[in-house]
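A.B. asks: My questions concern the predicted model and sequence given below.
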Amino acid sequence: MKTFKTMVLAVAIICGTALNANTTEPTSKTTSKAVKVEMKKELAAHLAMPDFEVNNDTTVMVSFTVNDDNEMVVISVDSKDASIKRFIQGRLNYKKFETKPIVGQTYHVPVTLEASK
């Protein structure tokens with residue numbers, strides 16, 4: 001009987017720990033759709049009119065976070081073209097957001113540079 005009680009206690013502790021570990025983040029930690037739309041508009045404004053010629057439509061993945069001063073900090077630009085990397089980092093790094101994204105959250109945004117016409 002003593003062994004049975006010990007086993008039940010062990011199973012209860014394991015289940016309680018597993019359930020506690022599977023909690024989701026609170027909803028206040030997610031960026032609202034309205035803020036995302038405004039962020040996309042701001043990104044597009046910063047990246048308008050590249051200072052080099054784009055021959056083909058190019059899509060790259062840009063990862064950035066937001067610091068305590070509400071500034072973008074570019075983490076990576078997924079492109080093999082060095083001029084595209086320099087352009088995006090130069091235009092976005094440490095630019096202030098007008099909207100209020102979540103500080104410290106990492107954002108992954110596809111950026112498409114359209115071919116020059």
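C.D. replies: In hand now; what should we look at?
A.B. asks: Please enumerate the helices of the protein.
C.D. replies: Here the chain has its helices, by DSSP state H, at 2-21, 33-46, 82-92.
A.B. asks: Please report the distance of residue 52 from residue 84.
C.D. replies: 8 Å (C-beta to C-beta, to the nearest Å). C-beta here means a position set from N, CA and C on the backbone, and glycine is covered the same way.
A.B. asks: who has more neighbours, these two?
C.D. replies: residue 84 (19 against 12; other C-beta atoms under 10 Å).
A.B. asks: Spit out the contact partners of the more buried one.
C.D. replies: Going by C-beta atoms under 8 Å, 6 or more residues apart in numbering, residue 84 touches 58, 60, 77, 113.
A.B. asks: From those, list the buried ones, please.
C.D. replies: Buried members of the contacts of residue 84, counted by 16 or more other C-beta atoms under 10 Å: 60, 77, 113.
A.B. asks: Surely the first one touches residue 111?
C.D. replies: Looking back up the chat, that one is residue 60. Yes - applying C-beta atoms under 8 Å, one finds residue 60 in contact with residue 111, separated by 5.5 Å.
A.B. asks: what bridges to residue 58?
C.D. replies: residue 113 (DSSP bridges).
A.B. asks: quick one: it from residue 106, how far?
C.D. replies: On the measure of C-beta to C-beta, residue 58 and residue 106 end up 22 Å apart.
A.B. asks: Residue 52 and residue 69, how far apart?
C.D. replies: Applying C-beta to C-beta to residue 52 and residue 69 gives a distance of 29 Å.
A.B. asks: How about residue 80?
C.D. replies: Applying C-beta to C-beta to residue 80 and residue 69 gives a distance of 31 Å.
A.B. asks: Quick check on those two: which one has the bigger neighbour count.
C.D. replies: residue 69 (10 against 7).
A.B. asks: and residue 51, what is it in contact with?
C.D. replies: residue 87.
A.B. asks: Check what pLDDT it gets.
C.D. replies: We have a pLDDT of 79 for residue 51.
A.B. asks: Backbone dihedrals for it, please?
C.D. replies: When read as degrees, to the nearest 10, the backbone of residue 51 gives phi -90, psi 20.
A.B. asks: That'll do, ta.
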